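> What would the 3D arrangement of this be:
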Amino acid sequence: MPQANADKAFDQLAEKIFESYIDLNPIDGTWMGVHGANDARLPVRSAEAAEKELSVLQGLVRDLGAFRERELSPERVVELRLAKGGVTGRIQRLQRRPLWRRCPRCYVDDIVFGVYSLMIRDFAPVTKRARAVLGRLKEGPTHLEGGRQNLENPSPIFTEAAALSAHGAIDFLDTTMREFIASVPDNRLSGSLDRATSDLRQAMGGFAEWLEGNLMPRSHGDYAVGRAMFERLLSDEHFLAWTGEELIAAGQRIYQETLREMKRVAARIDPTRPWSKVVQSLKREHLKENEILPYFRKDVERARDFVARNRLATFPEEEALAVVPTPEFARPMTPIAAYLPPAPFADSPVGVLWVTTMDRRLDESHRESLLKEHPRWGTAITALHEAYPGRHLQQSRATCKKDRKLRFLFSSNSFAEGWSLYCEKMMAGSGFHRDDRSRLLQLKDLLWRACGVILDVELQTGRMGFNEAVTFLVRKAQIERQTAVAEVRRYCAHPTQPMSYVAGRAQIEELLEDYRAAKGDQFDLRRFHDELLDHGTIPIELIRFEMGIPRRKQERRGGRRTAAAAGRSTRH
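A predicted model of the protein is given here:
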């Protein structure tokens with residue numbers, strides 16, 4: 001088949017894949033800025049819906065298998081590989097770890113994130129968005145009832161997290177939802193919203209009671225996906241051929257390297273105390289409750305100015321970032337901060353940075369523990385990681401690829417998180433940190449990421465339990481226990497996400513070395529960053545292919561495969 005015809009046929013299939021995905025996942029469509037009938041719907045979670053999705057995905061695998069790479073343009077070769085890996089990974093998750101049976105929190109998140117996605121972005125007049133909100137609110141009670149019927153023996157960790165989220169959802173309905181209703185000018189519509197909110201609040205309260213009193217006593221399932229599936233996800237979704245053991249070895253190596261550097265930096269701050277004591281003293285110099293948001297906003301602007309002044313990357317037109325408090329429903333899984341990317345198909349790429357402020361209903365000791373995760377010298381690290389030049393800049397640049405829709409369906413955590421961790425090191429090397437205290441806290445966070453690699457494998461292969469993992473994180477990374485609990489909850493629920501920071505950074509650094517060698521005297525760091533970010537949030541191995549950067553290092557080192565070997569070995 002001539003390339004032009006093959007490219008056209010592939011683009012038609014890509015559009016079919018995209019439309020099928022939005023039909024199955026209407027809330028994701030809203031988040032991506034695809035608006036229409038999907039805005040008023042919640043996803044269907046049932047045995048019948050799962051069978052339908054599986055059938056659709058298996059059909060897509062057959063359709064994708066009809067294409068030959070030699071007949072496609074390089075851009076579409078990348079997307080063919082991306083789609084094959086992404087669809088195969090989704091089939092694995094659907095068949096072996098079906099969320100509709102194992103994830104009680106999904107039923108809460110579907111409703112709250114579905115409603116929140118319509119409220120937080122001003123893509124249409126408030127009255128139009130309110131009608132879509134009403135549709136999702138009305139579906140909410142039936143959706144929760146479906147959860148009661150569907151859930152079978154989830155992990156107690158998942159049930160506990162769902163109960164916390166359900167109580168957060170009730171707070172959300174009592175506060176944020178009521179504020180939104182007050183902004184709706186149509187009295188009849190606002191009255192309907194008020195009644196639907198009251199009905200959903202009652203249903204959510206009943207669901208929380210059912211989770212705690214009925215489901216929790218019979219929640220004996222396992223969160224671990226097992227070694228085989230874990231490594232399959234590494235291959236299919238991340239284009240990595242590292243084994244679990246090789247990941248652990250990489251995490252341990254980075255942990256030891258980071259620890260040695262931390263000891264050197266801590267000694268410059270206070271030579272009379274060990275590094276752990278110096279870190280704890282810095283955490284006690286935390287922000288006051290009313291300072292958290294202002295400090296983050298200031299450091300976000302400082303990071304952006306530093307990137308612009310030092311010509312480290314180019315900002316897309318009209319990008320913007322809103323720094324807001326983390327909503328109540330998301331706090332159980334968000335102890336510090338989280339980033340929500342801009343909608344790629346919206347008119348303007350506005351991202352949102354959640355910053356977790358204090359809940360005054362918590363007791364004083366709990367609040368003090370959480371405040372220690374906001375040290376005065378640490379907000380700049382989170383700002384550069386999540387905002388500039390980290391997640392927000394990367395995601396804003398990715399929206400330039402909006403004509404290549406598959407790159408948004410099958411996005412890569414290893415690139416998104418790896419880029420942010422790379423930025424932490426790159427910004428430190430560029431002189432962003434003004435003081436050794438910030439540098440020490442940055443290294444402490446890297447220690448935490450190294451621990452995350454180890455725990456990702458140990459938890460998902462069943463070799464470490466939840467409480468053991470929490471203690472490991474507290475002792476090894478000097479994280480407050482409440483924060484460690486929230487982190488390990490996330491690790492249990494999202495296999496391969498915790499390892500993505502370290503694995504992604506390793507691949508980016510290797511690509512940088514090869515790019516520098518290929519460009520020679522023409523090398524420019526900003527140009528490298530711009531080229532890297534212009535391919536969308538896809539696996540780094542596919543970016544390397546599209547950039548046309550040859551690999552120089554082929555060997556195995558120290559008992560681990562390099563990122564290069566991982567890319568060579570992946571089969572698609």
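> what's the residue most central in space within the chain in contact with, if anything?
In the chain, the centroid-proximal residue (Cα atoms, centre = their mean) is Asn413; its distance is 6.5 Å. By Cβ atoms under 8 Å, 6 or more residues apart in numbering, Asn413 lies in contact with 237-238, 496-497, 500, 504. Glycine gets a C-beta too; all of them are placed from N, C-alpha and C.
> would you turn the residues you listed into JSON lines with secondary structure?
JSON lines is the format used below for the contacts of Asn413 (DSSP: H, G, I helix; E, B strand; the rest coil):
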{"residue": "Glu237", "secondary structure": "helix"}
{"residue": "His238", "secondary structure": "helix"}
{"residue": "Thr496", "secondary structure": "coil"}
{"residue": "Gln497", "secondary structure": "coil"}
{"residue": "Ser500", "secondary structure": "helix"}
{"residue": "Gly504", "secondary structure": "helix"}
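> just the buried members of these?
Buried residues within these, defined by neighbour count using 16 or more other Cβ atoms under 10 Å: 237-238, 496-497, 500, 504.
> TSV for those, including distance to Lys288?
Formatted as TSV, the entries for the buried ones among the contacts of Asn413 read as follows, by distance: Cβ to Cβ, whole Å:
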residue	distance to Lys288
Glu237	41
His238	40
Thr496	37
Gln497	32
Ser500	33
Gly504	35
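> Specify which member of the residues you listed is nearest to Gly251.
Taking Cβ to Cβ as the measure, Ser500 is the one of the buried ones among the contacts of Asn413 closest to Gly251, at 12.1 Å.
> How much space separates that closest one from Leu60?
According to Cβ to Cβ, to the nearest Å, Ser500 and Leu60 sit 25 Å apart.
> Equivalent analysis for Tyr388, please.
When distance is defined by Cβ to Cβ, Tyr388 is 37 Å away from Leu60.
> of all the buried ones among the contacts of Asn413, which comes closest to Lys16?
For the buried ones among the contacts of Asn413, the closest approach to Lys16 (Cβ to Cβ) belongs to Glu237, at 21.0 Å.
> Now that closest one: closest residue in space that isn't a chain neighbour?
When the adjacent residues along the chain are set aside, Glu237 lies closest to Gly89, with 4.2 Å between them (Cβ to Cβ, 6 or more residues apart in numbering).
> Contacts only, for the one you found.
Taking Cβ under 8 Å, 6+ apart as the criterion, Gly89 is in contact with 232-233, 236-237.
> Turn those into JSON lines, including distance to Ala203 and secondary structure.
Putting the contacts of Gly89 into JSON lines (distance: Cβ to Cβ, whole Å; DSSP: H, G, I helix; E, B strand; the rest coil) gives the following:
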{"residue": "Arg232", "distance to Ala203": "37", "secondary structure": "helix"}
{"residue": "Leu233", "distance to Ala203": "34", "secondary structure": "helix"}
{"residue": "Asp236", "distance to Ala203": "37", "secondary structure": "helix"}
{"residue": "Glu237", "distance to Ala203": "34", "secondary structure": "helix"}
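> Return the member of those residues nearest to Ala486.
Top of the list for closeness to Ala486, among these and by Cβ to Cβ, is Leu233 at 22.6 Å.
> What is the burial count for that closest one?
A count of neighbours around Leu233, defined by other Cβ atoms under 10 Å, yields 21.
> From Ala343, how far off is the nearest residue to it once chain neighbours are set aside?
Nearest-residue entry for Leu233: Thr496, 4.9 Å, with adjacent residues in sequence omitted and distances by Cβ to Cβ, 6+ apart. Per Cβ to Cβ, Thr496 is found 25 Å from Ala343.
> Ala224 too?
Computed with Cβ to Cβ, the distance linking Ala224 and Ala343 is 34 Å.
> show me where the stretch 51-200 of the chain has helices.
Secondary structure of the stretch 51-200 of the chain (DSSP state H, counting those that start in this stretch): helices located at 74-96, 99-102, 104-120, 126-150, 156-174, 176-182, 187-210.
> How is the protein divided into domains?
Residue ranges for the structural domains of the chain, counted by automatic domain parsing, are given in the record as 3-218, 232-501.
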